[in-house]
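> mind looking at a prediction? Sequence and model below.
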Amino acid sequence: MFNEDALRDSIRTLVSDVIREEVVKNGGSSAGTAPGLAGQAGQAGQSPNPIPVTAASNLPSTETVEEVPDATLITMEDTFWVPNAHDEEGYRRMKQFTSGRLGIWRAGPRPLTKAYVRAKADHAAAQGTVWSNVGEQVISSLGFIPLQSRSADKAEYLKKPPTGKRLTDESVEIVKKNAQTGKQVQIVFSDGLSSKAIEKNAKDFLPALKQGLQAFGISVADPIFFVNNGRVAVSEEIGELTDAEVVIMLTGERPGLNSQTSMGAYLAYRPTIGMEESRRTVISNIHAKGTPPVEAGAQIAELAQSMLQHKMSGVDLKLV
Amino acid sequence: MKLKTVMFGTTYQFKDLNEVQAKASEQKSGDELAGLAALSREERAAAKIILSETPLSDIRNHPAVPYEIDDVTRVIQDQVNETVYREIQNWTVGELRNFLMEYSSTGPVIKRVCAGLTSEMIAAVTKVMSNMDLVYAASKLDFTTRCVTELGLHNVAMCRALPNHSTDDIDAIFAEAYEALCYGIGDAMIGVNPVQDTVESTTYLQNKLYELRMKWEIPTQNCVLSHITTQVAAMKKGAPTDMIFQSLAGTQKANESFGISIDILDEAYALGKELCVSGAKNPMYFETGEGSELSANAHMGVDELTLEARTYGLAKRYDPFTMMSVVGFIGPEYIYDSVQQLRGGLEELFMGKMHLIPMGVDVCYTNHMPASQNDSETLAMLVGLAKMPYYVTSPMGDDVMLNYQLLGNHDYQTVLELTGLRRHPAFEKWLQKMEILDDKLMPTERFGDASIFLQ
């Protein structure tokens, strides 16, 4: 398990670095906390050892704290660092076509420091959203009932996909105890590969979806379940347990450098454990810059209505 | 058959050669997922010892998947040079490794022996080689192929421009292509992974890329990486095709899941020689990745490195212009982290060259892998030492369509400077004509300014 050890070490270093930076920033007055990163460390299975913070501050008490402006606000389309470009206006116009990192110039053969640290920030956010969990407050404020997949932790979730496709025995019991069976639609959320996708989008998405379903006169099971370390296929088991006609599964998609909060919707008519992928209908890229969550909610309600009407989903539904 | 050994008083016994091969493999999450991996470091070492003592003839006589049920096995077995094989059949895997390391084993000497090897033998020797062994052996081997230009020239490292876009928007594709070209990238090919897999869209992109190549007189070749049947249909209707691409796997069943067969590949190869506008001697281009067989539920109980070697055995039948493995692209359930990514990249490069193919590795990972750009840069320098002939890069290593991280445009130039490897000579001249490189081949103030193409 050398690799996990190495990962844990690097996360531990990262956490302690961040805390140390906080200490420096706060003039050594408080230990500071980094909840997101602490969550990551916990996720990788690290025992929550307190990190001794003994570093002395090198900030004289007479100096004030200056803030470095947020480097992540500018989009890639608007980032432009080529000096004396042959046609700067044309270059800037061309950059609007793609979110690729064009026009970022160089120092010798290497990227400029600002391009390098920006990429580090985007990559940290992309990996951070994989290796973190949806906050408990978020889950409870949305009224979700939390469940666990059979993945013991994120590492197992990533390495052994089958473990993320089934619920633990305890979670099966929780579903049985709390489910409202026999409704037309059951909604399920999971963190998937991006906890931030759920944290950012669920709040706006859910009312739009519920409203849409209501408008069609479709009955929706209450409660909604949330599966920690859950893959899309875990919705099959929940479908069987709740006997819903259509299961709507919302999950975090694999993050890219420019989109760490993309949510995907996977719908299936009467899903069964181990069914073919072709029975699922997918709407991906739900986030502020893709399909906005409110719009997606309405779109998915319509799709559910079509599945209920034709009693099918996936490729079959496409052929209707 | 050698299947048993004792190590420090403990006995290790394996049921067949496939189990020895799987357990002798370096740790890969895909083999663990398939339930094939060694259960301990000791068991892995024991399997390596047994494998090193296994004669090549045993491997020849026991292919990973039976000859009768798998066409990839038939291709591999039938293309062995029997005269060379008879000479070396009594070598053990360990002796093959020693041979590769010897000073007397120069490139041409090794290449001759390669003609007598099967893919399973190449996988086996890879498992008894260290990372530096792999780099050292790979650095001895080069092969030249030809499409519009050559690839694989001695001390030449070429690079693919990867102008992908999430809706195949042609303005975005051209913007990405210009950005690559102004960094001196694109001599290996300008290769687009399209989102839409239709004859119309493939034809449109082939036409546009052809216009780009002709307008700027770029000494390179283009590729639109749709399904092979789509490309062939487009080519038959007159789409200006330089080469034909396909993803390959190491078992017949996995290739069936890709919608391909030996017949389809044979036909495309013949048509490519007949119809490619490039006039290519080597009209095929392949991409591969460890884990694709397991992902298609078609691994047949064979470890992913052996399957990868078998994939190259199939590719060898078509003498491809070049080939690329996408080491960290398939996912962490197959290649878990940076340690496995680095090892996998070096193994794949070595094995590709042992199949007499000018091999490239897409040094890459996905964001749900515990890996970073630092790890990719490390691997980039190592494959540079191994004289890898074919790279692929994108701006700051971000592919905005396939959503994965590869080497950056800046990294390619840096590797060239660090290793002393060169671009294709005709492409160097073109870059000088465009005043992107100066007469000493150093970057000018236009290097990194894509707006020079806006006119």
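Yes, it's here.
> just give the closest residue to residue B:48, not the sequence neighbours.
residue B:24 (4.6 Å; C-beta to C-beta, 6 or more residues apart in numbering or on different chains). All C-beta spots, glycine's among them, are computed from the backbone N, C-alpha and C.
> kindly apply the preceding question to residue B:429 instead.
Nearest to residue B:429 is residue B:219, by C-beta to C-beta, 6+ apart, at 7.8 Å.
> now residue B:182
residue B:450 (4.5 Å).
> that neighbour: what's it in contact with?
A:91, A:94, A:102, A:103, B:175, B:178, B:179, B:181, B:182 (C-beta atoms under 8 Å, 6 or more residues apart in numbering or on different chains).
> can you give me the end-to-end span of stretch B:402-418?
Using C-alpha to C-alpha, to the nearest Å, the end-to-end distance of stretch B:402-418 comes out at 29 Å.
> what of stretch B:155-172?
33 Å.
> for that stretch, list every residue counted as buried.
Residues of stretch B:155-172 classed as buried by neighbour count (16 or more other C-beta atoms under 10 Å in any protein chain shown): B:156-166, B:168, B:170, B:172.
> and the stretch 1-150 of chain A, which of its residues are near chain B?
Within reach of chain B by C-beta under 8 Å from any C-beta of the partner chain, the stretch 1-150 of chain A has these residues: A:2-3, A:6-7, A:82, A:84-88, A:90-91, A:94-95, A:97-106, A:109-111, A:115, A:119, A:123, A:126-127, A:130.
> now the buried members of these.
Buried residues within the residues of the stretch 1-150 of chain A next to chain B, counting neighbours by 16+ other C-beta under 10 Å: A:3, A:7, A:82, A:85-87, A:91, A:94-95, A:97-106, A:109, A:111, A:115, A:119, A:123, A:126-127, A:130.
> just the ones of those residues in helices?
Counting by DSSP state H, these place A:3, A:7, A:91, A:94, A:95, A:115, A:119, A:123, A:126, A:127, A:130 in helices.
> just give me the closest of the residues you listed to residue B:276.
residue A:94 (30.8 Å; C-beta to C-beta).
> and that closest one, what does it touch?
By C-beta under 8 Å, 6+ apart, residue A:94 lies in contact with A:102, B:171, B:175, B:178, B:450, B:451, B:454.
> for chain A, what are the nearby residues on the stretch 1-150 of chain B?
Counting by C-beta under 8 Å from any C-beta, the residues of the stretch 1-150 of chain B that sit close to chain A are B:27, B:29, B:32, B:33.
> and which of these is nearest residue B:419?
Nearest member of these to residue B:419, counting by C-beta to C-beta, is residue B:27, at 28.9 Å.
> okay, now the closest one: neighbour count?
18 (other C-beta atoms under 10 Å in any protein chain shown).
> ditto for residue B:386
Neighbourhood size, residue B:386 [other C-beta under 10 Å]: 26.
> pull the contacting residues for it.
B:134, B:135, B:136, B:138, B:139, B:346, B:349, B:350.
> would you format those residues as a markdown table with neighbour count included?
Listed next are those as a markdown table, based on neighbours: other C-beta atoms under 10 Å in any protein chain shown:
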| residue | neighbour count |
| --- | --- |
| B:134 | 24 |
| B:135 | 20 |
| B:136 | 16 |
| B:138 | 26 |
| B:139 | 18 |
| B:346 | 26 |
| B:349 | 30 |
| B:350 | 25 |
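> can you list the domain ranges for chain A.
A:4-131, A:136-318 (automatic domain parsing).
> rank the ones you listed by pLDDT, which is bottom?
Lowest mean pLDDT within the domains of chain A: domain A:4-131, at a mean of 77.
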